[in-house]
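build the 3D model from these lines:
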Amino acid sequence: MFNFDDANKKSKEAVDTALKTYSDTTKGFQAIAAEATEYSKKSFQDAVTHFETLAGVKSFEAAFELQTNYVKAYFEGFVSETTKLSEMYADLAKSAYKPYEAPIAAAVGKTPKSVSPATPAAA
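Purely as a prediction, here's the structure:
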């Protein structure tokens, strides 16, 4: 027999879980956006400073060395930032999945272990 109280309770739990996931996901994307914004500001400021310094260089060798050091530092910073952002995205995905982990495990546990393969119908 269908129990309306149980259905109502499950429905409320599902909505609460969805709202919590939405809230956590929104906070995660806000943190990622803030991090990307800060990196962009810092990167732009570093570029401006570098080109101001580069404009004052008197020899080709000094300019080449300055440019080489800048590119090396920029690349290292870029790799570090992308690693940090990828970890933030991974954490966001984990936190978005976490509320659904137990219900999915319970649903999988209720399914029969051996399912017979479907046989094609004779034509």
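
please, which helix or strand holds the residue nearest in space to the middle of the chain?
When CA atoms, centre = their mean is applied to the chain, the residue found nearest the centroid is Tyr89 (1.3 Å). Secondary structure assigned from DSSP states H and E places Tyr89 in helix 60-110.

what packs against that helix?
If you count contacts as 3 or more CB pairs under 8 Å, 6 or more residues apart in numbering; DSSP states H and E, helix 60-110 packs onto helix 4-55. In short, each C-beta sits where N, CA and C put it, glycine included.

related to what we said a few turns ago, what sits against the closest residue to the residue nearest to the centre of the chain other than its chain neighbours?
Nearest residue to Tyr89, sequence neighbours excluded (CB to CB, 6 or more residues apart in numbering): Ile32, at 6.8 Å. By CB atoms under 8 Å, 6 or more residues apart in numbering, Ile32 lies in contact with Leu85, Met88, Tyr89, Leu92.

how close does Ile32 sit to Leu92?
7 Å (CB to CB, to the nearest Å).

now the helix holding Tyr89: average pLDDT?
Across helix 60-110, pLDDT averages out at 90.

how far off centre is that helix?
Its chain's C-alpha centre and that of helix 60-110 lie 8 Å apart, by CA atoms, centre = their mean, to the nearest Å.

before we move on, what about stretch 8-24?
Counting by CA atoms, centre = their mean, stretch 8-24 comes out at 22 Å from the chain centroid.

residues in contact with that stretch?
Ser95, Ala96, Pro99, Tyr100, Pro103.

the first one - nearest residue in space that isn't next to it in sequence?
The reference is to Ser95. Per CB to CB, 6+ apart, closest to Ser95 is Asp24, 5.2 Å.

and that neighbour, how many residues sit next to it?
15 (other CB atoms under 10 Å).

so for it, what's the pLDDT?
88.

likewise the one 4 residues further on?
Predicted confidence (pLDDT) at Gly28: the value is 93.
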